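1. A predicted structure for the sequence below; I have some questions about it.
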Amino acid sequence: MRLAVVLAIFSLISAMRADGADTSTIAWRDWNEGLFEQARALDRPVLLDLEAVWCHWCHVMDAKTYADPAVAAYLADNFITVKVDHDARPDLAGRYRDYGWPATIIFSPQGKELVLRAGYIPPQRMLQLLKDVVTDPASVARTRKPPPTTFATSPLLDERLRKELLRRHRLRYDSVLGGLDIDKKFLDEETVEYALLLSSYGDAVETRRALQTLDAALALIDPAFGGAYQYSTNGDWQHPHYEKIMSTQAGYIRLYTLAYLRFGEKRYRRAAETISNYLLEFLRAPSGAFYTSQDADLIQGVHADDYFKLDAAARRAKGIPRIDKNSYAAENGMAIEALALLAQATANDRFLDAALAAAKWVKTNRALPDGGFSHDATDIGGPFLKDSLHMALGAAELYRATGDRSWLTLAQETAGFIDAQLRQTGAGFLSAVPVVGPVGPLPDTMENVHIARLANLLSHLTGDTAYRAVAEHAMRYLATEKIALARINESGILLAERELATDPVHFTVVGSKSDPQAASLYQVALEQRGWYRRVEWWDRSEGPMPNPDVGYPRLDRSAAYVCTESRCSLPAFDEISFRTLIKKLVVTAPAETRTTSKAVSKR
């Protein structure tokens with residue numbers, strides 16, 4: 001081990017000498033476990049350039065700052081330099097999300113964070129920052145508070161914290177333009193989904209806010225190629241940054257689909273379909289897998305405003321912005337979940353077929369032996385929570401879309417992997433499997449929101465209380481005040497807690513999967529509003545239901561049922577009567593109604 005470190009240091013020094021001041025180049029290296037051993041041996045700080053391949057200002061940083069001879073020379077003489085694509089390392093991307101992109105992180109040789117900077121840094125400012133780190137690090141240090149080590153004892157928010165989160169949800173709204181009241185305008189997924197939930201309970205204010213934001217964000221959909229731009233600057237919706245990343249595409253598809261289910265507005269369906277068509281044309285590999293992103297620039301480092309004003313034909317004549325053709329499990333899971341949800345709302349097999357093809361590709365090419373998923377074909381770090389989490393969410397959505405139990409089994413196995421490999425002591429789940437070294441993985445708030453929601457739904461789909469325990473472990477992390485209030489708005493925590501406190505509306509079709517009437521009844525169930533739904537198709541030839549908590553009579557024809565927290569319906573035998581039953585029984589509760597006892601009684 002020591003010999004390997006010595007050889008690595010010798011190689012590093014040789015590279016630094018070869019690529020030093022005379023050539024004005026930087027000896028970038030990868031992030032790995034041995035990094036800080038070498039930093040300590042050389043007594044040098046470590047500079048991490050965490051970039052995104054689709055990011056305009058990352059390209060500018062490379063072209064101007066890191067290409068500057070003085071900056072390059074000073075780095076070569078005094079630092080170990082590391083460059084990482086944030087899409088390739090979800091653990092680092094989550095840890096430094098608030099400082100990107102690009103994110104510049106400088107560590108002491110021992111791995112302590114000294115400097116955290118967000119965005120483009122011009123050459124002269126960078127050179128001064130580097131000199132200050134070497135000569136007087138205390139003068140530029142901006143450290144973060146350490147993460148909490150004690151957590152909430154209950155999976156429920158206490159009343160004061162719940163009220164504060166709800167106050168922030170309401171306060172951070174831009175009543176003039178819609179969206180969050182911040183300089184960057186984007187469709188914040190959890191905020192809008194929570195507004196849609198409250199809207200379904202009859203909250204007129206949240207209905208207006210959801211509609212205003214959804215309508216405003218239509219400006220971020222590319223009119224020529226389709227797809228959604230990541231965000232707009234200048235405090236409005238008219239100054240987009242043109243990168244198209246998978247998390248944005250999938251999030252917009254989900255939200256506009258949920259909005260279409262809630263309001264029935266065709267413009268929201270068109271938005272979801274337009275973005276989905278972009279995925280199928282531009283970000284889909286011949287194998288059926290999905291790529292990761294498309295660049296903001298046609299020529300890297302040069303603003304592309306004029307290009308994106310052109311129509312599709314004129315753009316194609318000039319070329320297509322670079323597509324990152326990595327196929328990561330996480331991004332595929334996002335696409336699978338979104339497309340499967342849209343397929344339910346529209347009964348469009350094209351979107352469902354695309355989701356199924358991607359899922360089968362990921363199962364073949366990214367599955368791990370013990371139930372989880374790798375990020376890429378070969379991972380430097382990980383396994384990462386993001387990959388298994390989003391594939392589990394995608395599998396759960398495919399189960400709902402198809403009634404095929406193999407997808408429920410996959411979601412269960414993957415949730416089991418997450419619990420076994422990524423559970424943090426005390427509460428919450430880590431973003432990656434722990435590694436040796438000073439910069440280990442941390443829990444990510446939104447990942448824990450997704451785990452809580454997924455595991456809670458699995459507990460209802462299967463009747464297995466182990467998933468309830470997983471959901472509560474995530475929620476106790478989220479219910480910790482320092483976590484819940486760390487950002488300006490965490491509506492996702494309110495969403496997750498509400499779902500833990502209530503049962504999902506339960507739609508069941510009993511009938512053969514070869515019966516067209518059963519299929520028609522099942523489609524009615526799929527078209528009901530909201531994500532938090534338990535939708536099942538019981539073909540008796542497949543054996544007992546995954547969660548046989550409701551008994552259904554044996555009839556001579558296919559039938560459909562709807563169950564709420566207080567009652568189940570008589571059978572419905574056709575679409576009209578099933579819709580009538582749903583309208584009659586699925587009565588929404590007031591916006592502030594809670595069923596707190598359920599969050600602790602099902603263990």
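-> Done, it's in.
2. Next, find the distance separating T233 from F373.
-> Counting by C-beta to C-beta, to the nearest Å, the gap from T233 to F373 is 35 Å. In short, each C-beta sits where N, CA and C put it, glycine included.
3. quick one, which of those two is more surrounded?
-> Applying other C-beta atoms under 10 Å to T233 and F373 shows that F373 carries more neighbours, namely 27 against 12.
4. Test my guess that the more buried one contacts A329.
-> Yes - assessed by C-beta atoms under 8 Å, F373 is found in contact with A329 at 4.1 Å.
5. Overlap in contacts, these two.
-> 362, 366, 387-388, 391 (C-beta atoms under 8 Å, 6 or more residues apart in numbering).
6. can you list the domains in the protein?
-> 2-139, 175-283+293-326, 506-601 (automatic domain parsing).
7. rewinding a little: top of the shared contacts of F373 and A329 by number of neighbours, please.
-> Going by other C-beta under 10 Å, S388 tops the shared contacts of F373 and A329 with 31 neighbours.
8. and that residue, that's in a strand?
-> No - with DSSP: H, G, I helix; E, B strand; the rest coil as the criterion, S388 is located in helix rather than a strand.
9. shouldn't it be in contact with E413?
-> No - the criterion here is C-beta under 8 Å, and S388 misses it with E413 at 9.6 Å.
10. Give me the common contacts of those two.
-> G371.
11. R540 reaches V509, doesn't it?
-> No - judged on C-beta under 8 Å, R540 makes no contact with V509 at a distance of 11.8 Å.
12. Give me the helices and strands touching the strand or helix carrying L75, please.
-> For L75, the element it lies in under DSSP states H and E is helix 69-78. Packed against helix 69-78, as judged by 3 or more C-beta pairs under 8 Å, 6 or more residues apart in numbering; DSSP states H and E, are the following elements: helix 123-135.
13. If I take the helix it packs on and helix 69-78, what angle do their directions form?
-> 20 degrees (axes from the mean of the first three to the mean of the last three C-alpha atoms, to 10 degrees).
14. ok, and what's touching helix 123-135?
-> Contacts of helix 123-135 (C-beta under 8 Å, 6+ apart): 45, 47, 64-65, 68, 70-71, 74-75, 78-79, 106, 114-115, 117, 121, 139-140.
15. Contacts only, for K318.
-> Here K318 is in contact with 298, 307, 310 (C-beta under 8 Å, 6+ apart).
16. roughly how far apart are L385 and D444?
-> Distance from L385 to D444, by C-beta to C-beta: 7 Å.
17. re earlier: switch the shared contacts of F373 and A329 over to a markdown table; also include pLDDT and distance to P438.
-> Shown next, in a markdown table, are these (pLDDT from 0 to 100; distance: C-beta to C-beta, whole Å):
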| residue | pLDDT | distance to P438 |
| --- | --- | --- |
| V362 | 98 | 33 |
| R366 | 98 | 29 |
| D387 | 98 | 24 |
| S388 | 98 | 25 |
| M391 | 98 | 30 |
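18. Now the two most distant members of these.
-> V362 and S388 (10.8 Å; C-beta to C-beta).
19. what's the overlap in contacts for those two?
-> Shared contacts of V362 and S388, defined by C-beta under 8 Å, 6+ apart, are found at 329, 373.
20. on that earlier part again, of all the domains of the chain, which one is nearest R487?
-> domain 2-139 (8.2 Å).
21. For the closest one, the averaged confidence score.
-> Summarised as a single mean, pLDDT over domain 2-139 is 83.
22. Check stretch 458-477 too.
-> 98.
23. for that stretch, which positions count as buried?
-> Applying a neighbour-count criterion of 16 or more other C-beta atoms under 10 Å, one finds 458-462, 464, 467-477 buried in stretch 458-477.
24. So which of the residues you listed sit within helices?
-> 458-462, 467-477 (DSSP state H).
25. Find the nearest non-adjacent residue to the residue nearest the centre of the chain, please.
-> Nearest to the mean C-alpha position of the chain, by C-alpha atoms, centre = their mean, lies S247 at 5.8 Å. The shortest distance from S247 to any non-neighbouring residue, by C-beta to C-beta, 6 or more residues apart in numbering, is to M334 (6.0 Å).
26. Distance from the helix or strand containing that neighbour to the middle of the chain?
-> Assigned by DSSP H and E, M334 belongs to helix 329-346. Offset of helix 329-346 from its chain centre (C-alpha atoms, centre = their mean, to the nearest Å): 12 Å.
27. what's the model's confidence in that helix, averaged?
-> Computed over helix 329-346, the average pLDDT equals 98.
28. What of stretch 430-437?
-> Mean predicted confidence for stretch 430-437 is 84.
29. That one: end-to-end distance?
-> For stretch 430-437, the first-to-last residue distance is 15 Å (C-alpha to C-alpha, to the nearest Å).
30. Need the contact partners of it.
-> 33, 35-36, 90-91, 94-95, 111, 381-386, 421-424, 440-444, 447.
31. Restricted to helices, list these.
-> Those of these lying in helices (DSSP H): 35-36, 90-91, 94-95, 385-386, 421-422, 447.
32. out of the residues you listed, who has the most neighbours?
-> Busiest of the ones in helices among the contacts of stretch 430-437 [other C-beta under 10 Å] is L385, holding 29 neighbours.
33. From A496, how far out is that one?
-> 16 Å.
34. A484 too?
-> Going from A484 to A496 by C-beta to C-beta gives 11 Å.
35. The closest residue to Y229 other than its chain neighbours: what's it in contact with?
-> Spatial nearest neighbour of Y229, excluding adjacent residues (C-beta to C-beta, 6+ apart): P240 at 3.9 Å. By C-beta under 8 Å, 6+ apart, the residues touching P240 are 219-220, 229-232, 308.
36. what's the answer for T213, then?
-> Applying C-beta under 8 Å, 6+ apart, the residues near T213 are 178-179, 187, 191-192, 195.
37. Dump the residues you listed into TSV; add distance to A401, pLDDT and neighbour count as well.
-> TSV is the format used below for the contacts of T213 (distance: C-beta to C-beta, whole Å; pLDDT from 0 to 100; neighbours: other C-beta atoms under 10 Å):
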residue	distance to A401	pLDDT	neighbour count
G178	30	96	22
G179	30	95	26
L187	23	95	24
T191	26	96	25
V192	22	97	28
A195	25	97	27
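38. List the ones among those residues that fall in helices.
-> In helices, judged by DSSP H, the following of those are found: 191-192, 195.
39. In CSV: these, plus distance to L279.
-> Below are the ones in helices among the contacts of T213 laid out as CSV (distance: C-beta to C-beta, whole Å):
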residue, distance to L279
T191, 23
V192, 20
A195, 25
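40. From those, pick the one nearest A358.
-> The closest of the ones in helices among the contacts of T213, once distances to A358 are taken by C-beta to C-beta, is V192, at 24.9 Å.
41. how much space between that closest one and A141?
-> 37 Å.
42. Next, A411: secondary structure please.
-> helix.
43. is it true that it touches L457?
-> No - using C-beta under 8 Å, A411 is not in contact with L457; the gap is 9.0 Å.
44. can you list residues touching both of those two?
-> Common neighbours of A411 and L457 (C-beta under 8 Å, 6+ apart) are A396.
45. So between the two, which is more surrounded?
-> The neighbour count for A411 versus L457, taken as other C-beta under 10 Å, is higher for A411 (26 against 22).
46. need the contact list for the more buried one.
-> Here A411 is in contact with 392-393, 395-396, 399, 454, 458 (criterion: C-beta under 8 Å, 6+ apart).
47. cool, G227 as well?
-> 221, 244, 249, 274-275, 278-279, 282-283, 294.
48. which SS state does V82 fall under?
-> Recorded secondary structure, V82: strand (three-state DSSP).
49. Let me know whether it touches P45 as I believe.
-> No - using C-beta under 8 Å as the test, V82 is too far from P45 to be in contact (11.1 Å).
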